[in-house]
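>>> Next comes the sequence, and after it the predicted model I'd like to discuss.
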Amino acid sequence: MSQSYPIAVIPGDGIGPEVVREGLRVLDRVASIEGFRIEPTTYPFGAEHYLKTKEIFPETAFSEVRQKRAILLGAIGDPRIEVGLLEFGIIAKMRFELDLYVNLRPVKLYAEHLCPLKGKTPEDVDFIVVRENTEDAYAGMRGFFKKGTPDEIATQEILFTRKGVERVIRYAFELARKRGDEKKLTLVDKANAVRAMDLWTRTFAEVGAEYPDITREHAYIDAACMWCVKNPEWFVTVVTSNMFGDILTDLAAMIQGGLGIAASGNLHPGKVSLFEPIHGSAPKYTGKNVANPLATIMAVSMMLDYLGETRGAARIEEAVTNLLRSKRIPSLGSDSGLSTSQIGDLVLESLDRAKVPA
Ligand code: IPM
Ligand code: MN
């Protein structure tokens, strides 16, 4: 009997359904090549569903999703809905309630011509960001006082717990140990101004003492943004807080060619985890069959890697790399001259030919 994986699929808003459709076609094909099975259950949550039913993410569905091995998400966000309502009711709800404390974001340049930085090659842009995913300002401890008056006060707490900081730092050290030849972990924070981040400084040093084989480095977030553009080759594995990780990885996506390729995994190691493209719902491209599905396809690759289907994961990565290097997919934006489904077709074709280690 071959392995079978029950997964939840939430296509969501905007271009989400179009890119997820291609992601699922690729997943299906890889499953048949590699000999495993996927049992997808699709959930309708997102703006349309909310407008029709006033439901965001009901508990009955949530408890089903909890039982799956993984979740594939398209995008959430719609201009007709109050800012943040669905983002928090769907994405953040899963991050918090499934305790997905690692947000893993690989930054990898697959083909030199996709990089906007002069003279940087795929060897120079190849790092991974481990973003804390359950704390910081995202915890939502906020309030308004005298709202709407000239004396209004607005607060939102940046909060870190020892447990939350330690587990993500430990995950990052373990990952740094597994990655390539250069064993290096860079902590990115703002401990010079946000003194609460001294907790990160101390935890990084204490946990780091257990990993003497890994070189520890540090950069403040402002400087890290600068290095990301100037010398991306300095980064190998990076660990950072929730909000800095959010910002740094959009910048980092651009040096790997754009949001059209950037994927992420929201993980709780050993438990149900969530995979998604970093790009959002891009409402203006909805339904036009122009959105590039590669970020979702790479999210599928990350999902397979997480599930232990490493050959399937490598096969997708290899197929996508070949298409980008050969310029059969010439660019990553909506202006590549290829439709969403044509890009899906190209990936399907090149999956069979992709060379993966036995
Ligand atoms: C991301 C997104 C989310 C975040 C939004 C939609 C709340 O930007 O996944 O990076 O800030 O985490
Ligand atoms: Mn973001």
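Yep, that arrived. Ligands and ions are numbered 1, 2, ... in the order given.
>>> Find the residue at the geometric middle of the chain.
Centroid-nearest residue in the chain: S264, 1.7 Å away (criterion: Cα atoms, centre = their mean).
>>> Correct me if wrong, but L274 is in a strand.
Yes. Per DSSP: H, G, I helix; E, B strand; the rest coil, L274 lies within a strand segment.
>>> Look up which residues are beta-bridged to it.
Beta-bridge pairing of L274, defined through DSSP bridges, involves I71, N266.
>>> residues near it, how many?
Applying other Cβ atoms under 10 Å, we find 27 residues neighbouring L274. All C-beta atoms are positioned from the backbone trio N, CA, C, and that covers glycine.
>>> and what of the one 5 residues further on?
Residues contacting H279 under the criterion other Cβ under 10 Å number 24.
>>> can you pull the pLDDT of it?
On the pLDDT scale, H279 is placed at 94.
>>> Against ligand 1, how distant is it?
Note on H279: its distance to ligand 1, by Cβ to the nearest ligand atom, to the nearest Å, is 9 Å.
>>> tell me the contacts of the nearest residue to that residue once chain neighbours are set aside?
Nearest residue to H279, sequence neighbours excluded (Cβ to Cβ, 6 or more residues apart in numbering): L259, at 4.0 Å. Going by Cβ atoms under 8 Å, 6 or more residues apart in numbering, L259 touches D250, A253, P277, I278, H279, A295, L332.
>>> which among these end up buried?
The neighbour-count criterion (16 or more other Cβ atoms under 10 Å) marks A253, P277, I278, H279, A295, L332 among the contacts of L259 as buried.
>>> Surely the last one forms part of a helix?
No. Residue state for L332 (three-state DSSP) corresponds to coil; a helix is not indicated.
>>> neighbours around whatever residue of the stretch 101-250 of the chain ends up closest to ligand 1, how many?
Going by Cβ to the nearest ligand atom, ligand 1 is nearest to D246 of the stretch 101-250 of the chain, at 4.4 Å. Look at D246: counted by other Cβ under 10 Å, it has 18 neighbours.
>>> Grab the nearest non-local neighbour of it.
Among residues not flanking D246 along the chain, R131 sits closest, at 6.9 Å (Cβ to Cβ, 6+ apart).
>>> Tell me the residue of the stretch 251-358 of the chain that sits nearest ligand 1?
Residue of the stretch 251-358 of the chain nearest ligand 1, by Cβ to the nearest ligand atom: I278 (5.9 Å).
>>> Show residues contacting stretch 46-58.
With Cβ under 8 Å, 6+ apart as the test, stretch 46-58 has contacts from 10-13, 16, 45, 76-78, 80-81, 85-86, 89-90, 93.
>>> the strands in the stretch 151-300 of the chain, which residues?
153-156, 184-189, 215-220, 237-240, 263-267, 273-277 (DSSP state E, counting those that start in this stretch).
>>> between these, which gets nearest to F204?
Closest to F204 of the strands of the stretch 151-300 of the chain is strand 184-189 (Cβ to Cβ; 4.7 Å).
>>> what pLDDT, on average, does the closest one get?
On average, strand 184-189 scores 98.
>>> Stretch 248-261 too?
Mean predicted lDDT for stretch 248-261 stands at 96.
>>> Tell me how far that stretch lies from the chain's centre.
Distance of stretch 248-261 from the chain centroid (Cα atoms, centre = their mean, to the nearest Å) equals 11 Å.
>>> hmm, it in reach of ligand 1?
No. Judged by Cβ under 6 Å from any ligand atom, stretch 248-261 makes no contact with ligand 1; its nearest approach is 6.8 Å.
>>> before we move on, the earlier item: OK, contacts around the residue nearest to D246?
Contacts of R131 (Cβ under 8 Å, 6+ apart): V102, N103, L104, R105, T240, S241, N242, F244, G245, D246, L248, T249.
>>> Show me which residues of stretch 76-88 are buried.
Buried residues in stretch 76-88, counted by 16+ other Cβ under 10 Å: I76, G77, D78, I81, L86, F88.
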